[in-house]
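Participant: Quick one, what's the 3D model for this:
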Amino acid sequence: MKLEELAKKLDLVLLTSETPAVKEADITRGYASDLLSDVLAHAPEGGLLVTLQVHLNVIAVASHAELAAVVFAGGRRPEPDVIEKAVTEGISLYTSPDETFDVVGRLYELGVKGSHA
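Facilitator: All right, here's what the predicted structure looks like:
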């Protein structure tokens, strides 16, 4: 499913409107973790990360792992410098008021599977 369509169905708030091309990414895989070394080792290329972490290292890891997007759960929002770096790296950022468990459950219902599914 296209990233923009997933965002609409989950009522995600886009934080990086400057990265429109990424919104067209086809998202079939995702990963949820707050341990960035775990994300580096297991997140699927071109996928989506759901996390509570909002610092600059998340963008570095997402870029290295070649993720299309990051969803910050629990209503968390990164600082402007984090958003700016994501735009530079071409990574879409979203926030959701829902907790990680609920975001991941809804993604799964919409057909987004884990990295090893």
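Participant: phi, psi of K113?
Facilitator: For K113, the backbone dihedrals (degrees, to the nearest 10) come out as phi -110, psi 170.
Participant: Could you check how many residues crowd around it?
Facilitator: Applying other Cβ atoms under 10 Å, we find 13 residues neighbouring K113. The way it works is simple: take the backbone N, C-alpha and C, and place the C-beta from them, glycine included.
Participant: ok, now V71?
Facilitator: Look at V71: counted by other Cβ under 10 Å, it has 27 neighbours.
Participant: Surely it forms part of a strand?
Facilitator: Yes: under DSSP: H, G, I helix; E, B strand; the rest coil, V71 falls within a strand.
Participant: any idea how far I83 is from it?
Facilitator: Computed with Cβ to Cβ, to the nearest Å, the distance linking V71 and I83 is 14 Å.
Participant: First-to-last residue distance for stretch 60-74?
Facilitator: 21 Å (Cα to Cα, to the nearest Å).
Participant: What are the buried residues along it?
Facilitator: Buried residues in stretch 60-74, counted by 16 or more other Cβ atoms under 10 Å: V61, A62, A65, L67, A68, A69, V70, V71, F72, A73.
Participant: what residues does it touch?
Facilitator: Under the criterion Cβ atoms under 8 Å, 6 or more residues apart in numbering, residues 3, 10, 12, 22, 25, 27, 36, 39-40, 43, 45-54, 58-59, 78, 86, 89, 91-100, 102-103 lie in contact with stretch 60-74.
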